[in-house]
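>>> Provide a 3D model corresponding to the input given below.
(chains A and B)
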Protein chains: 2
Amino acid sequence: MRNIAKEVGALIRSHRKALGISQEALAARSQIDRSYMGRIERGEVNVTLKALWDIAASMEISAKLLIPE
Amino acid sequence: MRNIAKEVGALIRSHRKALGISQEALAARSQIDRSYMGRIERGEVNVTLKALWDIAASMEISAKLLIPE
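Numbers count the residues shown, from 1 in each chain, chains lettered A, B, ... in the order given. Prediction:
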């Protein structure tokens, strides 16, 4: 069975790294707690669409890019 | 400010109607409580990615199609 949370977390991390920003900076921009952002990237939480939307917006990318194929 | 939950709910509803299935049937297929599905379609809840993924899978569409532009 696929682990969607893990796939989403990996997509967030890869887009964040492509932008060259730290997890801490992304958390601050997205107004998400830093430790929660770590858990999102590790796929430990069932992220809400709102959080995903805010993360995408803070990277100025479409939220669709954070959804696995 | 945009209401993402409402936009997502509208996308789910429009895809569901295009498939000609009832809200009740979609809820059953997605293993989501029927009243909760109603709230999702009305944009009353901050849906999780997992729920969105299950809803998309039950309609055999990509979850990306349920994410607003």
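>>> Near chain B, which residues of chain A? Just list them.
Applying Cβ under 8 Å from any Cβ of the partner chain, we find that chain A lies next to chain B at A:4-5, A:8, A:46-50, A:52-53, A:62-64, A:67-69. In this view, the C-beta of every residue, glycine as well, is placed from N, C-alpha and C.
>>> got a list of what the residue most central in space within chain A touches?
Geometric centre of chain A, nearest residue: residue A:12, 3.7 Å, by Cα atoms, centre = their mean. The contact partners of residue A:12, taken as Cβ atoms under 8 Å, 6 or more residues apart in numbering or on different chains, are A:26, A:40-41, A:55, A:66.
>>> Tell me which stretches of chain A form helices.
For chain A, the helices defined by DSSP state H occupy A:4-19, A:23-30, A:34-41, A:49-58.
>>> Just name the most buried of these.
Highest mean neighbour count among the helices of chain A (mean count of other Cβ atoms under 10 Å in any protein chain shown): helix A:49-58, with a mean of 20.
>>> roughly how far apart are residue A:23 and residue B:13?
36 Å (Cβ to Cβ, to the nearest Å).
>>> Residue A:18 too?
Residue A:18 is 34 Å from residue B:13, by Cβ to Cβ.
>>> Average pLDDT for stretch A:4-19, rounded please.
The pLDDT scores in stretch A:4-19 average 97.
>>> nope, stretch A:55-62 is what I meant
97.
>>> Endpoint to endpoint, it covers what distance?
Terminal residues of stretch A:55-62 are spaced 10 Å apart (Cα to Cα, to the nearest Å).
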